[in-house]
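> okay, here's the prediction I keep looking at, along with the sequence it came from:
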Amino acid sequence: MTSSVSDELPGEWRVVILVTLMQFINIIDFMMVMPLGPDFAQALDIPMSELGLIGGSYTFAAAASGFFLSKYLDRFDRRSVAIVAMAGLSLSTFAATLATDQLTLLMARVCAGFFGGPAAAIGMAMIIDVVPEQRRGRAMAIAMGSFSVAAIAGIPFGMELAAWSGWQAPFKAIALASLGLLIALWFLLPVMNSHKNRHKGSPATGIIPLLKAPLTRMALILVVVSMFGNFLLIPNLSAYVQFNLGFPRERVGELYMLGGVVSLVGMQLTGYLSDKFGSVLTGTLTCSGLALVLWSGFLNTPELAMVPWVFAGFMLFSSARRVAQNALTSQTPEPHERAAYASAQSAFQHVATGVAATGSSWFLTADDQGVLDGMTALSVVTLLFVLAQPVIMLILKKRLHLKR
């Protein structure tokens, strides 16, 4: 039975590469908005204080679509869902280039988020479908590495495009890349509907039945704990290193490039270690590394020469621990629940990200020089979430063993 199922599925690496490209375009589409904010704000007469609405519109639209569509994604062939999602993302991104004011740009970004959420979810579901558990950690690491590649190359290239041809140019490039990927999906990705034949009579499920399952509930709690802890600090990193630690503004770009490189390498290594030694042990090690970085670089004030190492360490362990987390949580859904689960996970990730980024402002105030007050309290809360992750992972792993 197993061999016949595997014969129906496309090659692992073909799927992993296509999913990685989907994730890269999706992440670039999301990340590019904030660096471009001042450019299109000036062109479209948008107040600088309201740029957060443009960035947040994508996040919350992606979360809403995740909740709404989770019930339906497993009813369809994975290939069809991927093609429709990427087509919608391409058109929505191109629509942003036609915006004439804040409202039209906001509507375009909401549409992009609505399609971007399912695109990310169906990509993860395809990887879970075709990659066996013993190799899934590395596959997840490769797909998640698209975030680092976006930070290293995608964002700088997009900013150069905007400088050469205006703020619309990066959106046009993303839309064109989406169209190219859409063609690749059409020709290279075969029908993927084996999940519909392995549900033992159970219908495709939605988010409410998923939340009623103890294993899924625990997995989603793990996702929220990981994302919430990360994004309490991530929106404030640039201001913290500049104004609290005295790092020069002109060298901040170097920090992000360094962080992108080490996180890319770290995620691949974490995927390998998760497959070889298990996700719980690997997750515990990465969380311990992040706790050490928080202690030395946030709860204590590092010397200026140590700032790049603190920043790189934070980016490295923050991204690496999510690889171990995803390698474990991918084991929870049944075949007929995978797209629904991935959609729910994407939705919870976006909500946790938005709430954490907004909630961090409750802890922080800034003086006239921009120094952030409250970073110690915020770092303590982050540390508690980081230390909670290995405990939750261990509980989930034990419950998975009992299920089997």
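Arrived safely. Numbering: from 1, shown residues only.
> could you give the average pLDDT over the strand or helix carrying residue 267?
Assessed by DSSP states H and E, residue 267 sits inside helix 252-277. Helix 252-277 shows a mean pLDDT of 84.
> start the count at 34 instead of 1 going forward.
Noted, 34 is the first residue going forward, which turns the last one into helix 285-310.
> that helix - contacts with which helices or strands?
helix 166-177, helix 179-182, helix 312-330, helix 340-362 (3 or more C-beta pairs under 8 Å, 6 or more residues apart in numbering; DSSP states H and E). In this view, the C-beta of every residue, glycine as well, is placed from N, C-alpha and C.
> of all the ones you listed, which one comes closest to residue 87?
helix 179-182 (20.3 Å; C-beta to C-beta).
> just the CA trace of that closest one, in CSV.
C-alpha atoms of helix 179-182 as CSV (Å, rounded to 0.1, in the frame of the first residue of the first chain):
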residue,chain,number,x,y,z
SER,A,179,13.5,31.4,1.7
PHE,A,180,13.1,33.9,4.5
SER,A,181,16.8,34.3,4.9
VAL,A,182,17.4,34.5,1.1
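> quick one: list the elements packing against that helix.
Using 3+ C-beta pairs under 8 Å, 6+ apart, helix 179-182 sits against helix 45-64, helix 285-310.
> reformat those helices as TSV; add distance to residue 436 and mean neighbour count.
Output for those, formatted as TSV (distance: least, C-beta to C-beta, whole Å; neighbours: other C-beta atoms under 10 Å):
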stretch	distance to residue 436	mean neighbour count
helix 45-64	25	21
helix 285-310	20	20
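> mind checking which of these is nearest residue 142?
Using C-beta to C-beta, the helices and strands packed on helix 179-182 put helix 45-64 closest to residue 142, at 9.3 Å.
> give me the mean pLDDT for stretch 108-122.
pLDDT averaged over stretch 108-122 gives 88.
> follow-up on the earlier one: go through the helices and strands packed on helix 285-310 and find the least confident stretch.
helix 179-182 (a mean of 73).
> list the buried residues in that helix.
Neighbour counts over helix 179-182 (16 or more other C-beta atoms under 10 Å) mark 179-182 as buried.
> cool, stretch 329-341 as well?
330-331, 335, 340-341.
> report the two of those residues separated the most.
Pairwise over these, using C-beta to C-beta, the maximum falls at 331 and 341, 14.8 Å.
> before we move on, back to that, how about the buried residues of helix 179-182 in JSON lines, adding distance to residue 368?
Supplementary listing: those in JSON lines, determined by distance: C-beta to C-beta, whole Å:
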{"residue": "179", "distance to residue 368": "25"}
{"residue": "180", "distance to residue 368": "27"}
{"residue": "181", "distance to residue 368": "30"}
{"residue": "182", "distance to residue 368": "30"}
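> return the closest of those with respect to residue 263.
residue 180 (11.5 Å).
> which residues touch the nearest residue to the closest one once chain neighbours are set aside?
Nearest non-adjacent residue to residue 180, counting by C-beta to C-beta, 6 or more residues apart in numbering: residue 60, 5.4 Å away. Listed by C-beta atoms under 8 Å, 6 or more residues apart in numbering, the contact set of residue 60 reads 179-180, 183, 187.
> and with 10 Å instead?
149, 153, 177, 179-184, 187-188 (C-beta atoms under 10 Å, 6 or more residues apart in numbering).
> measure how buried residue 220 is and give me the count.
Residue neighbour count, defined by other C-beta atoms under 10 Å, stands at 7 for residue 220.
> any idea which element it lies in?
According to DSSP H and E, residue 220 maps onto helix 201-221.
> which strands and helices sit next to the next helix or strand after that helix?
Following helix 201-221 in sequence order, the next helix or strand is helix 240-245 (DSSP H and E). Other elements packing on helix 240-245 under the criterion 3 or more C-beta pairs under 10 Å, 6 or more residues apart in numbering; DSSP states H and E are helix 84-102, helix 247-266, helix 371-396.
> chain center to helix 240-245, what's the gap?
Centroid separation for helix 240-245 versus its chain: 22 Å, with C-alpha atoms, centre = their mean, to the nearest Å.
> just say which of the helices and strands packed on helix 285-310 is most tucked in.
Counting by mean count of other C-beta atoms under 10 Å, helix 340-362 has the highest mean neighbour count of those, with a mean of 25.
> quick one: it to chain centroid distance?
Centre to centre, stretch against its chain (C-alpha atoms, centre = their mean), the figure for helix 340-362 is 12 Å.
> now that helix and helix 247-266, what's the angle there?
170 degrees (axes from the mean of the first three to the mean of the last three C-alpha atoms, to 10 degrees).
> using CSV, list the CA coordinates for helix 340-362.
Taking Å, rounded to 0.1, in the frame of the first residue of the first chain, the C-alpha atoms of helix 340-362 are listed here in CSV:
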residue,chain,number,x,y,z
VAL,A,340,26.6,43.8,18.9
PRO,A,341,27.0,42.0,15.6
TRP,A,342,27.4,38.7,17.4
VAL,A,343,24.4,39.3,19.5
PHE,A,344,22.3,40.2,16.5
ALA,A,345,23.6,37.2,14.5
GLY,A,346,22.9,34.9,17.4
PHE,A,347,19.4,36.1,17.9
MET,A,348,18.6,35.6,14.2
LEU,A,349,20.3,32.2,14.1
PHE,A,350,18.6,30.6,17.0
SER,A,351,15.2,32.3,16.5
SER,A,352,14.9,30.8,13.0
ALA,A,353,16.6,27.5,13.8
ARG,A,354,14.2,26.7,16.7
ARG,A,355,11.2,27.1,14.3
VAL,A,356,12.7,24.5,12.0
ALA,A,357,12.7,22.0,14.9
GLN,A,358,9.2,23.1,15.9
ASN,A,359,7.8,22.6,12.4
ALA,A,360,9.5,19.2,12.0
LEU,A,361,7.6,18.1,15.1
THR,A,362,4.2,19.7,14.4
